[in-house]
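Visitor: need a 3D model of the following:
(2 chains)
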Amino acid sequence: MGKYISLFVAGLLFGLGLAVSGMTHASKVLGFLDVAGDWDPSLLLVLGGAVGVTVVAFRFILRRPAPVLEPGFKLPTAKDIDGPLVVGAAVFGIGWGISGYCPGPAIASLAAPNWETWVFLPAMLLGAFLHRASTLSPGDTAHTPKSEKGSSA
Amino acid sequence: MSHFTPVSALVGGVLIGAAAALLLWLNGRIAGVSGITNGLLAWKRGDILWRLLFLGGLVAGAGVYYGWFGNAPLARPNFPGGLLAAGGLLVGFGTSFGSGCTSGHGVCGLGRLSLRSLVATVIFLVTGILTTFVVRHLFRVY
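Guide: Model prediction:
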């Protein structure tokens, strides 16, 4: 039971952080990405604040043999800087720059009376589905689902 | 128009980092929202509930804040729905192909000192900045 509560509480804190920081406002995110406009550096402090915590906390947490409520850590195993990483990140950035949404804020926005996310989210799931389908297509030996397991960050 | 809000940005960022630390410490999972969401598409028995609980918490956390303080994000008056759909499609495809987004590669990957995540984060920041320039300054869409 505890592990289910902690999942929900971690999500709750995450969503609270996104809302407090203003990152669920697509126009605020774009205000950061728009360096040629009236630049708003807030996102940099959000990322800096978050990474400041994870850099220190993860170091201690990963010294443990296992997490508190599960038998083991589930960490990404991929190490290579490969084509999928580079192209995928580039494509993600383009979609982010067009819309002002990345997955976290888009989902957290379901709590707001904002129809934008009801257009964005189904399209996002379709995009992810199309990628999945392309890696799983039968007979395509060149693209066996190699990055399928454990590489998801 | 958006204004620099250093205090709420830093407080929100620390909350996000704390959430990621809590999830790793208690459940041993990386708080990557795209990975957690896209994983639902596999629809594998025993691999669904934990994802829905985290994502449900994500919505609830934002809802609690909007309920207490207001300031919920509203739709932009003149932003074209077609661009939202195109953006969503690219974000979904890109995060699945590149194994992560701002939270997985940004918040958590950088926290693990992963070179892969650093490269990904720099790339999506650069393409995001270039794209926003094109959309806002060449096409005048806000």
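Visitor: stretch A:114-124: how far from the chain's middle?
Guide: 16 Å (C-alpha atoms, centre = their mean, to the nearest Å).
Visitor: ditto for stretch B:16-31
Guide: 15 Å.
Visitor: how about the helices of chain B, start to end?
Guide: Listed in chain order, the helices of chain B (DSSP state H) span B:6-22, B:33-38, B:49-69, B:81-97, B:110-111, B:115-133.
Visitor: out of those, which one sits most buried?
Guide: The highest mean neighbour count among the helices of chain B, using mean count of other C-beta atoms under 10 Å in any protein chain shown, belongs to helix B:33-38: a mean of 27. Heads up, the C-betas are built off the backbone N, CA and C, glycines and all.
Visitor: contact partners of it?
Guide: A:14, A:102-104, A:107, A:124-125, A:128, A:132, A:152-153, B:29, B:51, B:54-55, B:58, B:91-92, B:95-96, B:99-101, B:103-104 (C-beta atoms under 8 Å, 6 or more residues apart in numbering or on different chains).
Visitor: with distance to A:A19 and mean pLDDT as new columns, can the helices of chain B be given to me in JSON lines?
Guide: Shown next, in JSON lines, are those (distance: least, C-beta to C-beta, whole Å; pLDDT from 0 to 100):
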{"stretch": "helix B:6-22", "distance to A:A19": "7", "mean pLDDT": "98"}
{"stretch": "helix B:33-38", "distance to A:A19": "14", "mean pLDDT": "97"}
{"stretch": "helix B:49-69", "distance to A:A19": "4", "mean pLDDT": "98"}
{"stretch": "helix B:81-97", "distance to A:A19": "20", "mean pLDDT": "98"}
{"stretch": "helix B:110-111", "distance to A:A19": "21", "mean pLDDT": "97"}
{"stretch": "helix B:115-133", "distance to A:A19": "21", "mean pLDDT": "98"}
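Visitor: want to throw these into CSV with distance to A:L7?
Guide: What follows is the helices of chain B, written out as CSV (distance: least, C-beta to C-beta, whole Å):
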stretch, distance to A:L7
helix B:6-22, 10
helix B:33-38, 10
helix B:49-69, 4
helix B:81-97, 20
helix B:110-111, 19
helix B:115-133, 22
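Visitor: those: which one's closest to A:G37?
Guide: helix B:115-133 (8.4 Å; C-beta to C-beta).
Visitor: quick one, that closest one and helix B:81-97 angle?
Guide: Taking axes from the mean of the first three to the mean of the last three C-alpha atoms, to 10 degrees, one finds that helix B:115-133 is oriented at 170 degrees with respect to helix B:81-97.
Visitor: show me where chain A has helices.
Guide: All helices of chain A, identified by DSSP H, fall at A:2-21, A:26-33, A:42-61, A:83-99, A:103-108, A:116-136.
Visitor: returning to that earlier point: wait, which of the helices of chain B is closest to A:E70?
Guide: helix B:49-69 (9.7 Å).
Visitor: ok so, going back, select, out of the helices of chain B, the one closest to A:A112.
Guide: Evaluated with C-beta to C-beta, these place helix B:49-69 nearest to A:A112, the distance being 6.0 Å.
Visitor: between the closest one and helix B:6-22, how many degrees?
Guide: Using the same axes, to 10 degrees: helix B:49-69 against helix B:6-22 is 160 degrees.
Visitor: and helix B:49-69, anywhere near chain A?
Guide: Yes - for helix B:49-69 and chain A, the contact criterion (C-beta under 8 Å from any C-beta of the partner chain) is met by B:49-50, B:53-66.
Visitor: how about stretch A:64-73: buried residues?
Guide: Residues A:P67, A:L69, A:F73 are the ones in stretch A:64-73 that count as buried (16 or more other C-beta atoms under 10 Å in any protein chain shown).
Visitor: got a list of what the closest residue in space to the second one that isn't next to it in sequence touches?
Guide: This means A:L69. Distance criterion C-beta to C-beta, 6 or more residues apart in numbering or on different chains; nearest residue to A:L69, sequence neighbours excluded, is A:K3 at 4.0 Å. For A:K3, the contact set (C-beta under 8 Å, 6+ apart) comprises A:L69, A:E70, B:L26, B:N27, B:W50.
Visitor: repeat that for B:A60.
Guide: Contacts here follow C-beta under 8 Å, 6+ apart; on that basis B:A60 touches A:F8, A:G11, A:L12, A:G15, A:A111.
Visitor: what's around the third one, how many residues?
Guide: I take that to be A:L12. Using other C-beta atoms under 10 Å in any protein chain shown, A:L12 is surrounded by 23 other residues.
Visitor: repeat for the last one
Guide: As a burial measure, the neighbour count of A:A111 was computed by other C-beta under 10 Å and equals 23.
Visitor: now it: closest residue in space, sequence neighbours ignored.
Guide: B:G63 (3.5 Å).
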